[in-house]
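Undergrad: For reference, the sequence and a predicted model appear below.
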Amino acid sequence: MVDPKLRSSAGQRLGAPETLGISTLDPGHKPPAMPPGRHISIRVRMLDDTEEIFDVSQRASGKVLFDMVCSHLNLIEGDYFGLEFQHRRKMSVWLDLLKPIGKQIRRPKHTVLRFVVKFFPPDHAQLIEELTRYLFALQIKYDLATGRLPCNDASAALLVSHIIQSEIGDFEETQCRQHLLNHSYIPDQMALIDKIMEFHHKHMGHTPAESDFQLLEIARRLEMYGIRLHPAKDREGTKLSLAVAHTGILVFQGHTKINAFNWSKVRKLSFKRKRFLIKLRPDLSQSTYQDTLEFLMGSRDCCKVFWKICVEYHAFFRLFEEPKPKPKPIILSRGSSFRFSGRTQKQVIDYVKETEFKKIPFLRKHSKVQHTNNLSPLPSLRCSELPKEIASCMSGERTDSPSKRNWKELALISAEDSAALRIQGNPTALQNGQEERPGLGAEEGRGTRPAGRQPTELLSTAPKSNSPLLCHSVMSHGLVNGQSQGDGCGQSPNGRQPSPLTSPLLNDMGAVRTDDEDEARRKRFPTDKAYFIAKELLTTERTYVKDLEVITVSFQGMLEKEEATPDSLKTVILSNFDPLYKFHSGFLREVEQRLALWEGRSNAHIKGDYQRIGDVMQKNIQGLKQMTAALQKHSEVLLEVENACRASRKLEGLCCDFELQKVCYIPLNIFLLRPLHRLLHYKQILERLCKHYPPTHGDFRDCRAALADMSEVVSQLQGSMIKMENFQKLLELKKDLIGVDNLAVPGREFIRLGCLSKLSGKGLQQRMFFLFNDVLLYTSRGMTSTNQFKVHGKLPLRGMTIRESSDEWGVPHAFTLVGQRQSVVVAASSLSEMEKWMEDLKMAASLADKTNGPSSELLASSLSDIKTLEDSALEPESEDDLSASRTSLERQAPPRGNTTVHVCWHRNTSVSMLDFSIAVENQLSGNLLRKFKNSNGWQKLWVVFTNFSLFFYKTCQDDYPLASLPLLGYSATIPTESENIHKDYVFKLHFKSHVYYFRSESEYSFERWLEVIRSATVSSCRNPRRKDPHAF
């Protein structure tokens, strides 16, 4: 018996926050108190067929019991589930969360409640937690066994094959056959054993989580998925069945759907005695219009039960928030007072995205492959890659041991997926004694792993509950994101484990804390603004030389070892990058020497001869001008790499593997264009120096001469730079998309990418849109190990019109895209986002009408087979269709969870090509002091801003970053008095509940950091004087 007064919850035993697992409560709220009165014991049967007994007051509402069950399971997304039981009239009814339990369950000793799925979402990608998907998989397994999910033999065999892959692991003929003989998953299973084994053989390597995902992917395509039939008759007495789904009310004859009434067509639902009434909205397109449809059900209770579930389905899937209760009438009441209680699907998704939870391991009752279940290896809406196991067997130790310090230094986080990225790494790499960051690979570039670094084991105790859904593991000092949980360092403001994407999880032990000592040291340095401008040149030059090393040392070294590398590629990289690396290494030494003299580390500063930088820049820019011809051909490197990868699949795989290395912290193509970007930085620095100096200053003449030379070089390379930036962006987007191969064609220009909600028969669904100068693509994020986006459709821009339609559809920030063949209604997350999209779409459509750009038909070959799932009815299933869902996991493609596209997806924002161009110009490096909201000291870090992200290093000599913080969606402000930050030059970064303070050394650096960060956090509006289209 589970007595809440005597027994702590599973979450409390594992050190979870108090509200963890109570899905219907907001953060910080406590579950409702148990009302006084006689206690009764309620038996609840879980989806894994175990039974739990909960001790509750008979006066307690159904919500109290439901919250106890969710808390016991540590279930966050509990709103999709419900408690079902047999009514005294042998009818299955749902436990009402608002009514007292004693009034609903008359004989508790003889009643068993079933914890089952109540609301079936249209896309299981909306289920964020692996535990939720596992429970859904158990529901599918139960429905198959009981015949509630009928399907053809091929579908049934494929579904069962994924179930047994999850339970017994990889195929072994004798074991598989014996398992099927001992366990029955579907009626008449014996006739399909050979077919099941054939499918099972194809699932080699799939983890239980991946098998759950594929099971749900196949099941959701079946016509009877999530359908609960309620017998009825029409006016003629024909036997029918009614059902409710996320789209509306369905009518079945047998197991065949014969009619559907979308929620948008239904005006009112009601019942009168045995009659169930559906009142429809007027349809002007039909000559014969029937206002009210009437169905006869078995009894009034049958009508009421079905009406209630219809009300709940409509509210859960269609409303933005829980409906408010109606005020009680003073005298008489008419109709039912029943209403939906709980959060809507939108509130659930937003809540889980915005709130962070500690990942709780759970045990799969029937699975023999338990080591893969501790944490999900599958990407979710918030997860790019999760490890199979990572924890610490060390207890009671500080994190200053060499082993722990090495783990901590390798904790590299780079993509949001909010709290689901709570523990990073690659399972395979961990088994081999290596740790890797998600989406960026396990290799450490030029660094080697110390011999003493070994993966740690997961310690767990035996389950204390009858239900094996929870593995009561003891992880008192488990390593999360490479640092000890027990230290309490690096925690988010609310005390939970911080989000890897939204916070640089660097343990305070990983860098020297500094406060008054560093303050006094800074006061000894020069205070002239010119000094800090010169120091910016020094810090950014250090980062630039490190970036050149990525190509000249790491990438070039990889190519030299590979026989498949063409000599032309080796030659073009050697001839273009080696001279640059040698030149800039010498330039960096000169700048370092000049700054050392300027800072007064010798007696030369007394004369003031070295408090200048213009002469050093002028001298080296003269040398750089001699390399202009080579820089003009620099774009050939990008083209040569792309052509070589197209010609050799092996080389393409090597380049993908290189991008997964930690040393390659941004896409490889950006490294290849770094020399062109650096010229813009030199020009900006010289412009600031010339603006600062008066004409009479001794350094003004040198700076002005250097600026003239640099402006000349930039103007010569500007055209090539614009073309290659666009080409690089098209190549990068091609890696993020599935279903389009010929994206980078001559004449195509990228304009904007971002997240919009597309209105379809299933309601508003999150989609990723990609706008080019000839076509608009809309996609959804794939739930595969690659995290790529699957193209659902295209909208040619020629002849397209755009109009605002918020009032027409009743959806905030909605606008309609009217094309020649189809129209699409989309909604932006905010008014500013809608204005940016509409401005760019109108501009692009206008250009498409006036110019002869690339034909959108070029995409037809790769898009012709893509089904627009939102708008079309499901076709009859076939074995090929059902097995097609496996191909995405079978393809050995690298995960892509750290790109700008994925950050836009998770933070529901957009980025334009203009934003990318500004980001290229606004790059910055230097030391900053970082402080969490609730931490005591400041932590010194080397910080690099590039590609819309901050990358954090311990020192400027490090080869790869420890952590990263994508800035899209963040706000950069100055702390208020109430925050008690009594220091100068402090700025604050905050996104939802995540707050970080950064402190710079001078007013100049403070303004520069705010300037570049705001360029990434605030998307720019399109300049009317847009660059002319360029072909490449």
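TA: Looks like it came in fine.
Undergrad: How many neighbouring residues does the closest residue in space to Pro812 that isn't next to it in sequence have?
TA: Nearest non-adjacent residue to Pro812, counting by Cβ to Cβ, 6 or more residues apart in numbering: Ser806, 5.9 Å away. Yep, even glycine has a C-beta here, placed from its N, CA and C like the rest. When neighbours are counted by other Cβ atoms under 10 Å, Ser806 registers 15.
Undergrad: Surely Ser806 and Ala814 touch.
TA: Yes: using Cβ atoms under 8 Å, Ser806 is in contact with Ala814, at 4.7 Å.
Undergrad: hey, what's in contact with both of the two?
TA: Counting by Cβ atoms under 8 Å, 6 or more residues apart in numbering, Ser806 and Ala814 have no shared contacts at all.
Undergrad: roughly how far apart are the residue lying closest to Leu280 once chain neighbours are set aside and Ile218?
TA: Closest residue to Leu280 apart from its sequence neighbours, by Cβ to Cβ, 6+ apart: Lys265 at 5.5 Å. Plainly put, Lys265 is 30 Å away from Ile218 if you go by Cβ to Cβ, to the nearest Å.
Undergrad: Roughly how far does the residue nearest to Leu280 sit from Phe320?
TA: Lys265 is 20 Å from Phe320, by Cβ to Cβ.
Undergrad: cool, Leu242 as well?
TA: For Leu242, the distance to Phe320 - Cβ to Cβ - is 27 Å.
Undergrad: The two: who's more crowded?
TA: Leu242 (21 against 12).
Undergrad: Give me the distance between Asp915 and Ala845.
TA: On the measure of Cβ to Cβ, Asp915 and Ala845 end up 20 Å apart.
Undergrad: Next, the buried residues of the helix or strand that contains Glu808.
TA: When elements are assigned from DSSP states H and E, Glu808 belongs to helix 806-809. By neighbour count with 16 or more other Cβ atoms under 10 Å, helix 806-809 contains no buried residues.
Undergrad: Can you report how many residues lie near Trp705?
TA: Wrong residue type there; residue 705 is Ala, not Trp. So Ala705, with other Cβ under 10 Å, has 17 neighbours.
Undergrad: what's the helix or strand hosting it packed up against?
TA: For Ala705, the element it lies in under DSSP H and E is helix 700-736. The criterion is 3 or more Cβ pairs under 8 Å, 6 or more residues apart in numbering; DSSP states H and E, and the helices and strands that helix 700-736 contacts are helix 614-625, helix 628-632, helix 635-647, helix 668-672, helix 674-692, strand 750-760, helix 900-907, helix 913-921.
Undergrad: mind running it again at 7 Å?
TA: With contacts taken as 3 or more Cβ pairs under 7 Å, 6 or more residues apart in numbering; DSSP states H and E, helix 700-736 sits against helix 614-625, helix 628-632, helix 635-647, helix 668-672, helix 674-692, strand 750-760, helix 913-921.
Undergrad: Please render the ones you listed as a markdown table that adds distance to Glu84 to the earlier fields.
TA: What follows is these, written out as a markdown table (distance: least, Cβ to Cβ, whole Å):
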| stretch | distance to Glu84 |
| --- | --- |
| helix 614-625 | 74 |
| helix 628-632 | 70 |
| helix 635-647 | 55 |
| helix 668-672 | 54 |
| helix 674-692 | 60 |
| strand 750-760 | 30 |
| helix 913-921 | 50 |
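Undergrad: Where among those is average confidence lowest?
TA: In terms of average pLDDT, helix 628-632 trails the rest of the helices and strands packed on helix 700-736, at a mean of 78.
Undergrad: what helices or strands is that one leaning on?
TA: So helix 628-632, by 3+ Cβ pairs under 7 Å, 6+ apart, packs with helix 700-736.
Undergrad: before we move on, the earlier item: just to check, the residue nearest to Leu280 is in contact with Lys279?
TA: No: the pair Lys265 / Lys279 is not scored as a contact, 10.1 Å apart, by Cβ atoms under 7 Å.
Undergrad: Quickly list what's touching both of these two.
TA: Common neighbours of Lys265 and Lys279, counting by Cβ atoms under 7 Å, 6 or more residues apart in numbering, are absent.
Undergrad: hang on, the earlier thing: got a list of what the residue nearest to Pro812 touches?
TA: If you count contacts by Cβ under 7 Å, 6+ apart, Ser806 has them with Pro812, His813, Ala814.
Undergrad: How much space separates the second one from Met834?
TA: His813 sits 4 Å away from Met834, going by Cβ to Cβ.
Undergrad: shared neighbours, these two?
TA: With Cβ under 7 Å, 6+ apart, His813 and Met834 have common neighbours Ala828.
Undergrad: how about Phe136, phi and psi?
TA: For Phe136, the backbone dihedrals (degrees, to the nearest 10) come out as phi -60, psi -40.
Undergrad: my guess is it meets Lys118, correct?
TA: No: counting by Cβ under 7 Å, Phe136 stays clear of Lys118, with 11.3 Å between them.
Undergrad: Looking at those two, which is more packed in?
TA: A side-by-side neighbour count of Phe136 and Lys118, using other Cβ under 10 Å, places Phe136 first with 25 against 21.
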